[in-house]
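# this one's structure only:
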């Protein structure tokens with residue numbers, strides 16, 4: 001069996017994976033190249049929870065410290081994936097079907113880059129755990145406390 005056949009049959013996404021998505025489609029019809037960090041707990045989850053980090057700092061929402069609640073900041077050079085100061089806003093966790101990712105991978109729009117550094121992912125989990133804005137039920141899902 002070829003590697004592409006194996007991927008087609010067994011496509012999965014692991015927790016804390018970093019992907020680069022070419023032309024990620026937004027709800028308003030626009031698209032933009034984006035990085036994705038996955039939060040799903042099981043590699044074959046039908047729904048994939050993920051975050052779209054941003055490095056937009058000029059005239060940014062994130063320049064005001066009061067907007068940094070539930071935001072993990074990755075400083076320039078802290079991660080091999082993010083070469084600029086990057087914000088991971090946990091108020092903007094999204095979900096898509098696994099098929100969305102599988103189809104995107106098959107057409108070449110989704111590229112796996114590797115696993116996020118443990119220390120950074122631990123900060124993400126700690127921020128979720130201590131969040132005052134994320135519902136407790138969702139915290140349990142994002143922290144893999146639910147089946």
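Everything's here; your move. Small disclaimer: the values here were computed from a predicted structure and weren't measured.

# contacts and neighbour counts: CA atoms only from here.
Noted.

# can you map out the strands along the chain?
Along the chain, counting by DSSP state E, strands occupy 17-25, 31-38, 47-51, 71-74, 86-89, 94-97, 110-115.

# Can you pull out the residues in contact with the fourth one?
To tie it back to what came earlier, the one meant is strand 71-74. The set of residues that contact strand 71-74 without belonging to it, under Cα atoms under 8 Å, 6 or more residues apart in numbering, is 82, 85, 86, 87, 88, 89, 90, 91, 120, 123, 124, 127.

# Correct me if wrong: the last one contacts residue 88.
Right, the one you point to is residue 127. No: proximity of residue 127 to residue 88 does not meet the contact threshold set by Cα atoms under 8 Å, at 10.3 Å.

# Could you check how far residue 122 is from residue 82?
Distance, residue 122 to residue 82, using Cα to Cα, to the nearest Å: 17 Å.

# quick one: which of the two has more around it?
residue 82 (17 against 13; other Cα atoms under 10 Å).

# so how far is residue 54 from that one?
According to Cα to Cα, residue 82 and residue 54 sit 10 Å apart.

# Any stretches of this structure with poor pLDDT?
Applying pLDDT under 70 to the chain flags residues 1-11, 56-68, 147.

# For the spatially most central residue of it, which non-adjacent residue is closest in space?
Relative to the mean C-alpha position of the chain, the nearest C-alpha, by Cα atoms, centre = their mean, is the one of residue 37, at 2.3 Å. With Cα to Cα, 6 or more residues apart in numbering as the criterion, residue 37 has its nearest non-adjacent residue at 4.7 Å, and that residue is residue 18.

# who's that neighbour bridged to?
For residue 18, the beta-bridge partners under DSSP bridges are residue 37, residue 114.

# sorry, back to before: could the contacts of strand 71-74 be laid out in TSV, adding distance to residue 50?
Compiled in TSV, those are given as follows (distance: Cα to Cα, whole Å):
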residue	distance to residue 50
82	16
85	19
86	15
87	14
88	10
89	11
90	9
91	11
120	15
123	15
124	12
127	15
